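Participant: sequence? don't have it. structure:
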């Protein structure tokens with residue numbers, strides 16, 4: 001008959017209980033989640049909610065305008081015409097892509113905020129009726 005090894009603290013525990021104790025899935029799910037947590041109801045400002053898409057839109061607009069300038073230089077300048085013709089459309093497309101992604105991101109965040117408000121309202125109703 002084999003004797004299971006003792007745990008470091010000296011207490012003897014079955015392998016199942018050691019496995020259960022070492023598994024803290026629920027706590028790690030809540031703490032390691034990078035998305036907005038359902039467990040916290042701290043109110044957030046508009047800037048905290050929308051700062052990422054606003055930054056993406058601003059960078060996209062700046063890159064797009066830079067692309068317009070570079071492309072227009074290819075029409076005016078004769079010295080480095082090939083370089084301007086290659087770089088201008090690249091900056092135009094990159095800037096336009098960032099601009100559109102940021103502009104699409106904003107309504108998605110609004111929709112998520114509305115869904116979160118509805119789910120919090122339904123949770124409060126559920127807890128009100130079932131905790132009587």
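Facilitator: Arrived safely. All values derive from a computational prediction rather than experimental measurement. Numbers count the residues shown, from 1 in each chain.
Participant: Do a quick rundown of the helices in this protein.
Facilitator: For the chain, the helices defined by DSSP state H occupy 15-22, 25-32, 46-76, 81-130.
Participant: Isn't residue 97 up against residue 60?
Facilitator: Yes: with contact defined as Cβ atoms under 8 Å, residue 97 counts as touching residue 60 (7.2 Å). Heads up, the C-betas are built off the backbone N, CA and C, glycines and all.
Participant: So these two - more neighbours on which side?
Facilitator: Remark: of residue 97 and residue 60, residue 60 carries more neighbours, 20 against 13, as counted by other Cβ atoms under 10 Å.
Participant: Find the nearest non-adjacent residue to that one, please.
Facilitator: residue 98 (2.9 Å; Cβ to Cβ, 6 or more residues apart in numbering).
Participant: Run through the residues that contact that neighbour.
Facilitator: Applying Cβ atoms under 8 Å, 6 or more residues apart in numbering to residue 98 gives the contacts 56-57, 59-60, 63-64.
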